[in-house]
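>>> Got a predicted model here, sequence first, then my questions.
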Amino acid sequence: MKLTSVLAAGTAAVLAVGLAACSAGGDAGDGGTNAASEDVTMTMLPKNLGNPYFEASTTGAQEAAGELGATLDEVGPDTASPDSQVPFINTAAQQGVSALIVSANDPTAIGDALDEARSAGTKVVTFDSDTEPQFRDLFVNQASAEGIADKQLELISDQIGGKGEIAILSASANATNQNAWIKLMEEKLASDYPDITLVETAYGDDDDQTSFDKTAALLQSHPDLKGIVSPTTVGIAAAARYVSTSEFKGKVAVTGLGTPNQMREYVKDGTVTAFALWNPNDLGYLATEAAAALVAGDITGKEGETFQAGRLGEYTVEADGVVVLGEPFVFDKSNIDDFDF
């Protein structure tokens with residue numbers, strides 16, 4: 001399904017961000033696999049609780065679990081520190097849950113705990129942010145790292161006229177997904193954007209106030225700054241909030257990855273021209289369907305295997321046990337009111 005056909009659906013209930021790229025296979029009530037039952041238990045473990053992005057992904061996960069007849073509970077730390085997820089993984093393993101669905105705060109810090117859970121028979125699916133591949137069965141990626149990096153650079157280049165100084169406001173310094181995107185952005189800047197200079201990468205630890213303060217520091221430290229790219233939903237909203245009431249509004253572009261509900265006021269007041277994301281609801285839905293397929297034995301995580309993911313249709317496991325949801329979608333003033341998440 002192409003982006004245009006998804007948008008034509010036009011309903012917030014579908015929450016289509018054009019990322020159900022592999023859909024065309026199942027009805028909304030299919031549930032993907034028939035093997036799940038009330039005996040299947042899953043634990044959803046985001047980076048931290050209270051994050052609107054992960055609240056949306058958990059909503060999608062609960063939708064899929066309901067269709068599958070499985071039980072899904074969400075647990076998680078208050079802060080996204082490297083080892084804060086370990087106690088929750090240990091508890092889930094001790095409870096004998098069928099599957100863990102984890103957005104990793106660190107690629108290795110939770111590895112030992114995940115190994116123990118897998119040894120106890122728990123299937124492990126990472127989503128949004130991966131661990132090292134040996135610690136999980138599947139990684140459900142929101143989009144290709146290259147696609148995410150390219151889209152953010154396209155946006156900032158367009159918004160600053162293709163030249164000038166920019167900064168990156170990331171999540172934690174250990175966040176696997178953020179670091180992968182940043183590395184690719186650095187490489188692409190050097191090769192394709194010779195007139196754009198990355199002057200600093202700051203870390204807001206996916207905390208609203210810290211990200212707000214880091215935005216202020218970036219603008220004070222770099223008086224010639226033309227743009228801020230924040231590849232995290234907490235960071236981009238905090239950066240936009242700071243800029244919206246500052247002297248930098250209309251002078252410093254803010255873009256990156258955000259949710260429509262977080263960013264709507266900043267798009268409408270002119271602080272933000274455009275930003276990107278995928279559908280976190282669909283991401284959580286797909287991760288849960290993938291976990292169910294693993295538990296049922298429909299797939300093992302090997303390249304080339306396929307499984308049905310309910311309303312999203314059929315997906316294929318790619319190299320290194322990766323399943324890709326789709327491509328980033330750009331939100332701006334013309335379409336932001338079409339979405340509600």
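It's in. Residues are numbered from 1 along each chain as shown.

>>> Confirm L325 sits in a strand?
Yes: checked against DSSP: H, G, I helix; E, B strand; the rest coil, L325 lies within a strand.

>>> Next, count neighbours for A276.
24 (other CB atoms under 10 Å). Every residue, glycine included, has its C-beta placed from N, CA and C.

>>> got the contact list for it?
Neighbouring residues of A276 by CB atoms under 8 Å, 6 or more residues apart in numbering: I148, K151, Q152, L155, T255, G256, L257, P328, F329, V330, F331.

>>> Which two of those have the greatest separation?
Largest separation among those by CB to CB: I148 and F331, giving 14.5 Å.

>>> residue nearest the centroid of the protein?
By CA atoms, centre = their mean, the chain has its centre lying nearest to D128, at 4.2 Å.

>>> Who are the contact partners of it?
D128 touches P46, K47, F54, S57, S103, V140, Q142, N177, P280, L283, counting by CB under 8 Å, 6+ apart.

>>> Just the ones in helices from those residues, please.
The members of the contacts of D128 that map onto helices under DSSP state H are F54, S57, N177, P280, L283.

>>> okay, the first one: pLDDT?
Same thing as F54. pLDDT recorded at F54 is 94.

>>> How about the fourth one?
For P280, the pLDDT comes out at 91.

>>> shouldn't it be in contact with F54?
Yes: judged on CB atoms under 8 Å, P280 makes contact with F54 at a distance of 7.3 Å.

>>> thinking again about what came up before, which residue in the contacts of D128 has the weakest pLDDT?
Among the contacts of D128, N177 has the lowest pLDDT, at 88.

>>> okay, now that residue: neighbour count?
Neighbours of N177 using other CB under 10 Å come to 26.

>>> in the strand or helix carrying I168, what counts as buried?
In this assignment (DSSP states H and E), I168 forms part of strand 164-170. Of the residues in strand 164-170, G164, E165, I166, A167, I168, L169, S170 count as buried by neighbour count, 16 or more other CB atoms under 10 Å.

>>> And it, how far out from the chain middle?
From the chain centre to the centre of strand 164-170 is a distance of 20 Å (CA atoms, centre = their mean, to the nearest Å).

>>> so where is the stretch 1-150 of the chain shaky, pLDDT-wise?
The stretch 1-150 of the chain contains residues with pLDDT under 70 at 1-38.

>>> Okay, strands next: where are they in it?
Ranges of strands within the stretch 1-150 of the chain are 41-45, 71-74, 99-102, 123-127, 138-143, based on DSSP state E, counting those that start in this stretch.
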